[in-house]
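Novice: How does the following fold in three dimensions:
(chains A and B)
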Protein chains: 2
Amino acid sequence: MQGYADRARSAGRTIAFVPTMGFLHEGHLSLFRIGRQRGDLLAASIFVNPAQFGPTEDFDEYPRSLERDLSLLEKEGVDVAFTPTEKELYPEGYETYVHLKQLPEHLCGLSRPVFFSGVATVVAKLFHIVKPHVAIFGEKDFQQLLVIRRMVADLNMDIEIVGGPLIRESDGLAMSSRNSYLSSEQRPAALSLYQALCTAKDRVETGETDVKKIIQEAKSRIEAFPETDIDYMAVCDLNTLEDMTHIDGPALMALAVKVGQTRLIDNMMLKPPDK
Amino acid sequence: MQGYADRARSAGRTIAFVPTMGFLHEGHLSLFRIGRQRGDLLAASIFVNPAQFGPTEDFDEYPRSLERDLSLLEKEGVDVAFTPTEKELYPEGYETYVHLKQLPEHLCGLSRPVFFSGVATVVAKLFHIVKPHVAIFGEKDFQQLLVIRRMVADLNMDIEIVGGPLIRESDGLAMSSRNSYLSSEQRPAALSLYQALCTAKDRVETGETDVKKIIQEAKSRIEAFPETDIDYMAVCDLNTLEDMTHIDGPALMALAVKVGQTRLIDNMMLKPPDK
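Specialist: Here you go, the predicted model:
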């Protein structure tokens, strides 16, 4: 992969890169389409990264479909697929990790303490291997996108980071490889995340500024389904992820909810009128 | 600097890089000479890195001589000097650090807990800015050299790391910018580090294999000077830095000693006969 990247760069071609954990869905495909516009060559990686899963999380169960994924990559015009093994990226004696001190102390980082260090580490590794000029990350994992942007800026990586919009199913459920865990009975409960966000968005657009009230109403929409368990729900600053109490400009509403055993995340921009 | 590196790489030229904290001495110059052989272009950086100094250490007092350093770089045929400010490398809100889990748990890492994270972080940053094909580090900071090699391997950085031999003054004192702190009265005590290492080397070459005995004798040579305070003295594995108790092959002897307020480090390879 490094040789491929070197030859491409020597020939004056730019490389766009979409890292993924595979089990591709429309959300990933939308990132490939952005990538194709951004580079002469489009690279994608498929690697379920053990470093970003906690010991009680779903690394072993995480859905995988390499054959199907590779044919999708081909269909989407991806030029090169990088599909390393666990041993190749984390050989015996591996001991180097990239840590961020502040951004992970919010939202998902609180209940998944190793997650963002695992993400930053594997993305740093993949960047050194794929050598992209530009890399594309989905805004569904909004905190992840901020962490990568911050790492790239802090470590002076010469790579442009582009966010791709969150893609939803026709019923509104945010696309995720983990949606495959959901039973049809769980679907209405899973949809309540989207509905709660829509309600909050409506409230803010019609003038509500009190974050406590907004969250209370959104929570009650989710808690109406007994199989849900809210991990967090926050209205926060778009750049620092610091909690807001009062809405006086664009804000991010983000939440994580367990539906049965399946942890789902979703987010939406809240914009007060005339802002 | 990134633009310079991109242009050089596009033109097919290789970049060798020597990062320094300035206050250059013959040890640094020997690294530049190695670098000149290794790349079409030779880059050097001068940056006293605050992230690798603990709160009670000598960051403020660390000797600086930018004008003199730059003229030395020119004389040595260094093609480009990168001399960032603290604010440029660590702007407000900076929060990303590279950590190693095992190698820092030995030797200098034990008494300087932030040191190797600071070193790994700034070297990762400098590598992303200078974009070298090869980088040269002195073997005087042997543990640092291992940490950099490990980081480069673990994070898949496509950079060759070359070690340069430790350079000594004519009396045997290992070259260090911190030698400028020593008074002439302290010089004999400072020299005892070298003499202790030489004694140990002799013992091992004539068949001694008991590390306890070797260290005991070496320590007594240093402790003969009341102004010394031994931080550590170890005989350890060349790759993992794990302590050895019995010498059955090449080993590293390393030590750190305070002479008055000045912390000095030194090391030497110990080789048993017929190995």
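Novice: Report the residue ranges of every domain in chain A.
Specialist: Using automatic domain parsing, the domain ranges for chain A come out as A:2-164, A:177-270.
Novice: gap between the last one and the chain center?
Specialist: Computed by CA atoms, centre = their mean, to the nearest Å, the chain-centroid distance of domain A:177-270 equals 16 Å.
Novice: Equivalent analysis for stretch A:6-22, please.
Specialist: Mean-position distance between stretch A:6-22 and its chain equals 21 Å (CA atoms, centre = their mean).
Novice: does it come close to chain B?
Specialist: Yes - on the criterion CB under 8 Å from any CB of the partner chain, stretch A:6-22 is in touch with chain B at A:6, A:9-10, A:12. Placement of C-beta: from N, CA and C, glycine included.
Novice: neighbour-wise, which of those residues leads?
Specialist: When neighbours are counted by other CB atoms under 10 Å in any protein chain shown, A:Arg9 leads the residues of stretch A:6-22 next to chain B with 18 neighbours.
Novice: how about the residues of chain A that lie near chain B?
Specialist: With CB under 8 Å from any CB as the criterion, chain A meets chain B at residues A:2, A:6, A:9-10, A:12, A:89, A:93-103, A:120-121, A:124-125, A:128-129, A:131, A:150-151, A:154-158.
Novice: So which of those residues belong to strands?
Specialist: Among the residues of chain A next to chain B, the members falling in strands (DSSP state E) are A:96-100.
Novice: Identify, from these, the entry nearest to B:Ala189.
Specialist: Closest approach to B:Ala189 among those (CB to CB): A:Thr96, at 37.2 Å.
Novice: Please enumerate the helices of chain A.
Specialist: Taking DSSP state H as the test, the helices found in chain A are A:2-10, A:26-38, A:66-75, A:86-89, A:107-111, A:115-130, A:142-154, A:187-205, A:211-223.
Novice: Read off the pLDDT value for the closest residue to A:Met175 other than its chain neighbours.
Specialist: Leaving out its chain neighbours, the residue that sits closest to A:Met175 by CB to CB, 6 or more residues apart in numbering or on different chains is A:Gly27, at 3.8 Å. You'll see A:Gly27 listed with a pLDDT of 98.
Novice: A:Gly27 contacts A:Asn179, correct?
Specialist: No - the pair A:Gly27 and A:Asn179 fails to qualify as a contact (CB atoms under 8 Å) at a distance of 10.1 Å.
Novice: Have a look at those two and say which one is more surrounded.
Specialist: Taking other CB under 10 Å, A:Gly27 and A:Asn179 do not tie; A:Gly27 has more neighbours (22 against 19).
Novice: For chain A, give me the ranges with low pLDDT.
Specialist: Along chain A, segments meeting pLDDT under 70 span A:275.
Novice: from the helices of chain A, which stretch is densest packed?
Specialist: helix A:115-130 (a mean of 24; mean count of other CB atoms under 10 Å in any protein chain shown).
Novice: so which residue of the stretch 1-150 of chain A comes closest to chain B?
Specialist: Closest residue of the stretch 1-150 of chain A to chain B, CB to the nearest CB: A:Thr96 (3.5 Å).
Novice: how deep is that residue tucked in, by neighbour count?
Specialist: Per other CB under 10 Å, the neighbour tally for A:Thr96 reads 22.
Novice: try A:Gln261
Specialist: 12.
Novice: Same question for A:Ile230.
Specialist: The burial count assigned to A:Ile230 is 16, neighbours taken as other CB under 10 Å.
Novice: Just give the closest residue to A:Arg168, not the sequence neighbours.
Specialist: A:Ala174 (5.6 Å).
Novice: The one you found and A:Leu197, how far apart?
Specialist: According to CB to CB, to the nearest Å, A:Ala174 stands 9 Å off from A:Leu197.
Novice: Identify the contacts common to the two.
Specialist: A:Asp266 (CB atoms under 8 Å, 6 or more residues apart in numbering or on different chains).
Novice: Can you tell me the closest non-neighbouring residue to the residue of the stretch 1-150 of chain A closest to chain B?
Specialist: In space, A:Thr96 is closest to B:Asp154, 3.5 Å off (CB to CB, 6+ apart).
Novice: List the contacts of the residue most central in space within chain A.
Specialist: Residue closest to the mean C-alpha point of chain A, counted by CA atoms, centre = their mean, is A:Asp141 at 2.4 Å. Counting by CB under 8 Å, 6+ apart, A:Asp141 touches A:Ile265.
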